[in-house]
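Asker: Fold the following for me, if possible:
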Amino acid sequence: MKSKNTFRHLLPHFRAQGWLFALGVAALLATNWLQQYIPRLIKYALDALQNAVPGDEGSAVALKLVLWWAGLRLGIVAIQGLLRYGWRMGFFGMSRKVEYAMRKQLFEKLLTLSNGFFRKLRVGDLLSRAMSDLAAVRESLGFGWLSIIDGVSMIAFTLIFMFRTDWHLTLIVLAPMALVPPLVITLGRKVRDGQREAQALLDALSQTATESFSGARVIHAYARQEAEAARFRSACQDYRSKNLRLVRLEAVYWPLLWILSGFAELLLFIVGGQAVAKKALTLGDFVMLQEYLMQILWPVMALGVSSNMYIRGKVSVERLNEVYDAPLDIQDPGGQAPGSSPQNEVVKFRGVAFRYGQGPSVLKGVDLTLKPGQWVGIAGRTGAGKTSLLRLPMRLDDVSEGSVELQGLDVRRWPLRELRRHAAMVAQEPFLFSETVLENAAFAFDGEAKERLGQAVAAAKAADFDETARSLPDGYDTLLGEKGVNLSGGQKQRLALARALFVQPDLLLLDDAFSAVDTATEERIVSALRATMPDTAVLMVSHRVSTLKLCDQVLVLEDGRISAQGSPAELLQQDGFFHEMAHREQLARRSGLGEAS
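Answerer: Have a look, this model is predicted:
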């Protein structure tokens with residue numbers, strides 16, 4: 001059963017930095033305790049001046065006492081300065097380190113989650129959590145805890161000294177402050193609800209910005225700049241309006257606190273002034289009580305600030321928990337790769353069925369075997385389940401029924417790291433990093449990419465990308481733009497193929513990976529792959545018959561099932577989808593609508 005403790009993921013990191021927190025608490029308590037003696041020193045100085053004996057000798061004695069009290073005050077302030085450095089290091093250092101640990105945990109968690117999770121939460125939502133929510137957690141831990149401990153300790157210490165001076169007057173003066181807790185509780189609830197809504201709007205704003213930046217070329221191509229700007233302005237306006245409502249709540253809170261503190265000070269002047277006039281209270285005691293009242297006002301207000309910070313921090317922690325508590329659909333068995341007996345099969349699908357979440361079945365009863373060096377093509381209409389089939393051997397998704405075996409062993413028994421060294425996949429729209437060509441090609445290598453330059457070049461040659469790489473301004477050291485923006489679609493696909501070939505996989509999965517290259521280049525790549533990796537099995541999706549003809553066998557998927565299977569020549573002789581596909585491609589070429597060379 002899942003723990004109900006909202007802070008369950010934060011507490012281990014907080015405990016790890018407990019020594020810093022303890023340092024901050026000790027330094028803060030010592031600072032606040034010393035602070036109580038400053039008003040008392042002022043009292044002693046005033047009383048010394050008031051009680052000075054008339055004459056030069058009495059004035060001199062009073063002056064010496066005042067200077068003595070002033071010197072003590074300077075000493076206390078100097079010690080407080082050192083202590084303030086200590087509590088700043090303690091509270092803010094602790095909060096920064098906890099934020100770092102939680103950010104690292106968040107990133108590591110995101111790397112382990114399957115695609116099902118990313119279908120639910122968009123990139124903008126995740127960016128908001130990684131930036132805004134973690135910042136709110138840091139502030140609630142640092143300044144929030146500081147405000148709470150500072151407020152409680154300062155109020156407690158000050159009340160002790162005030163009651164020791166005149167408990168009756170203290171009760172009268174502080175009566176208006178009894179209204180502060182109900183005020184904090186009432187406004188706090190509204191702030192909490194508003195904060196949740198504001199964070200949701202920030203998610204939407206982040207998503208809008210992310211889509212606009214990523215799709216800048218599409219926006220320009222369709223002249224939608226003004227429409228996108230209007231959409232962004234609308235999202236900004238919604239977020240601004242919600243935050244303004246939160247600000248208005250705080251704008252009510254602070255004036256009310258100042259009004260209450262003003263009443264407290266007014267009562268002190270009325271009641272305390274009468275006591276001084278009647279000689280029931282010395283002038284020094286009156287000024288000391290006024291100083292205590294002034295220094296207790298900020299802690300009372302700080303408790304209100306810390307309550308709002310706590311609410312914001314708790315809301316942010318709850319949102320982060322949605323990521324931390326997300327179930328791992330793909331469980332890593334860990335350990336070493338299990339030993340396997342020699343098999344004449346690279347991959348085997350046994351009665352495989354697959355569905356996304358609770359949706360309908362995408363694949364149904366698929367049986368398929370690939371032997372070393374065998375090339376199998378997959379054809380089918382859009383939505384037939386082709387890409388879903390390719391995702392299963394690498395456990396990018398897990399089967400719903402049946403099993404997929406790699407080298408005779410269920411892929412669910414393989415450690416993920418080892419499994420994904422034996423199988424590699426190239427998508428139709430590959431993702432390239434904003435690194436050099438070499439670092440993209442050798443992405444699977446843990447060390448410096450230059451240590452495996454020869455292996456990367458060999459992979460690039462097999463992918464027909466070597467000449468392209470050398471023609472770039474800095475060759476293999478050319479820095480690519482975001483997502484490889486300075487490469488064409490075909491160049492991106494070939495570099496992504498080189499990245500997959502770098503690991504020398506036993507199973508190569510190609511999801512329409514030649515869609516952006518011409519047929520001549522495609523044939524060169526296939527010839528190179530067959531020559532350099534003769535034992536690698538290839539499972540390839542394509543929408544071009546010319547590509548599928550390069551395979552040893554082709555299977556046709558329809559509604560998640562294998563409806564036909566055989567060599568390309570055999571399928572061309574049969575009525576069915578593959579024959580229709582070839583006919584349409586032939587008509588397109590005759591009408592001049594075929595692919596450009």
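
Asker: Neighbours of Phe213, how many?
Answerer: As a burial measure, Phe213 scores 10 neighbours (other C-beta atoms under 10 Å). C-beta: built from backbone N, CA, C; applies to glycine.

Asker: Shouldn't it be within a helix?
Answerer: Yes. Judged by DSSP: H, G, I helix; E, B strand; the rest coil, Phe213 forms part of a helix.

Asker: okay, it: pLDDT?
Answerer: Per-residue pLDDT puts Phe213 at 76.

Asker: Now do the contacts for it.
Answerer: For Phe213, the contact set (C-beta atoms under 8 Å, 6 or more residues apart in numbering) is empty.

Asker: how far away is it from Gly124?
Answerer: 11 Å (C-beta to C-beta, to the nearest Å).

Asker: cool, Asp466 as well?
Answerer: 39 Å.

Asker: got it, and Glu139?
Answerer: Using C-beta to C-beta, Glu139 is found at 22 Å from Gly124.

Asker: tell me the strands in this protein, going along the chain?
Answerer: Along the chain, the segments classed as strands by DSSP state E run 347-355, 361-370, 375-380, 401-406, 409-410, 423-426, 507-511, 537-541, 553-558, 561-566.

Asker: Which one of these lies nearest to Gln17?
Answerer: strand 423-426 (41.0 Å; C-beta to C-beta).

Asker: Show me what the closest one is packed up against.
Answerer: helix 489-502, strand 507-511 (3 or more C-beta pairs under 8 Å, 6 or more residues apart in numbering; DSSP states H and E).

Asker: Angles on the backbone of Val517, please.
Answerer: Per-residue torsions, Val517: phi -110, psi 160 (degrees, to the nearest 10).

Asker: Just give the closest residue to it, not the sequence neighbours.
Answerer: Among residues not flanking Val517 along the chain, Gly490 sits closest, at 4.3 Å (C-beta to C-beta, 6 or more residues apart in numbering).

Asker: can you tell me which residues contact the one you found?
Answerer: Taking C-beta under 8 Å, 6+ apart, we find Gly490 in contact with 516-518, 521.

Asker: Return the distance of it relative to Leu510.
Answerer: The value you get for Gly490 to Leu510, if C-beta to C-beta is used, is 14 Å.

Asker: And Gln407, by the same measure?
Answerer: Computed as C-beta to C-beta, the Gln407 to Leu510 distance reads 20 Å.

Asker: number of nearby residues for the spatially closest residue to Leu392 that is not a sequence neighbour?
Answerer: Using C-beta to C-beta, 6+ apart and skipping the chain neighbours, the partner closest in space to Leu392 is Val404 (5.0 Å). For Val404, the neighbour count with other C-beta under 10 Å is 22.

Asker: quick one: contacts for Val404?
Answerer: By C-beta under 8 Å, 6+ apart, the contact set of Val404 is 347-350, 352, 392-393, 410-411.

Asker: could you flag which of the residues you listed are buried?
Answerer: Applying 16 or more other C-beta atoms under 10 Å to the contacts of Val404, the neighbour count classes 347-350, 352, 392-393, 411 as buried.

Asker: Looking at those residues, which two lie furthest apart in space?
Answerer: Applying C-beta to C-beta across those, the maximum distance is between Arg350 and Pro393, 12.4 Å.

Asker: any low-confidence regions in the stretch 301-450 of the chain?
Answerer: The stretch 301-450 of the chain contains residues with pLDDT under 70 at 304, 336-343.

Asker: what about stretch 488-501, distance to the chain center?
Answerer: On the basis of C-alpha atoms, centre = their mean, to the nearest Å, stretch 488-501 is displaced by 29 Å from the centre of the chain it belongs to.

Asker: Restrict that stretch to CA atoms and write it as CSV.
Answerer: Only the C-alpha atoms of stretch 488-501 are listed here, as CSV (Å, rounded to 0.1, in the frame of the first residue of the first chain):
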residue,chain,number,x,y,z
SER,A,488,18.8,17.0,-43.9
GLY,A,489,16.2,14.3,-43.1
GLY,A,490,18.2,11.6,-44.9
GLN,A,491,21.4,12.6,-43.2
LYS,A,492,19.7,12.4,-39.8
GLN,A,493,18.5,8.9,-40.6
ARG,A,494,21.9,7.7,-41.7
LEU,A,495,23.6,9.2,-38.6
ALA,A,496,21.0,7.5,-36.4
LEU,A,497,21.6,4.3,-38.2
ALA,A,498,25.4,4.7,-37.6
ARG,A,499,24.6,5.2,-33.9
ALA,A,500,22.7,1.9,-33.9
LEU,A,501,25.4,0.0,-35.9
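
Asker: Mind listing what's buried along it?
Answerer: For stretch 488-501, by 16+ other C-beta under 10 Å, it's 490-501.

Asker: and the residue nearest to Ser515 when sequence neighbours are not counted, what is it in contact with?
Answerer: Distance criterion C-beta to C-beta, 6+ apart; nearest residue to Ser515, sequence neighbours excluded, is Gln428 at 5.6 Å. Applying C-beta under 8 Å, 6+ apart to Gln428 gives the contacts 493, 511-513, 515.

Asker: Next, give phi and psi for Gln428.
Answerer: Dihedral angles (degrees, to the nearest 10) for Gln428: phi -70, psi -40.

Asker: what separates it from Arg196, distance-wise?
Answerer: Distance, Gln428 to Arg196, by C-beta to C-beta: 39 Å.

Asker: give me the number of residues near the closest residue to Thr170 other than its chain neighbours?
Answerer: Excluding its sequence neighbours, the residue lying closest to Thr170 (C-beta to C-beta, 6+ apart) is Met162, at 4.4 Å. Residues near Met162, counting by other C-beta under 10 Å, number 22.

Asker: Next: Val77.
Answerer: 12.

Asker: which ones are touching it?
Answerer: Ile38.

Asker: now the helices for the stretch 301-450 of the chain?
Answerer: Per DSSP state H, counting those that start in this stretch, the stretch 301-450 of the chain carries helices over the ranges 386-391, 416-422, 437-441.

Asker: elements contacting the last one?
Answerer: In terms of contacts (3+ C-beta pairs under 8 Å, 6+ apart), helix 437-441 is packed against helix 453-462, helix 489-502.

Asker: Is it possible to get a markdown table of those helices that adds mean pLDDT?
Answerer: Below are those laid out as a markdown table (pLDDT from 0 to 100):
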| stretch | mean pLDDT |
| --- | --- |
| helix 453-462 | 90 |
| helix 489-502 | 90 |
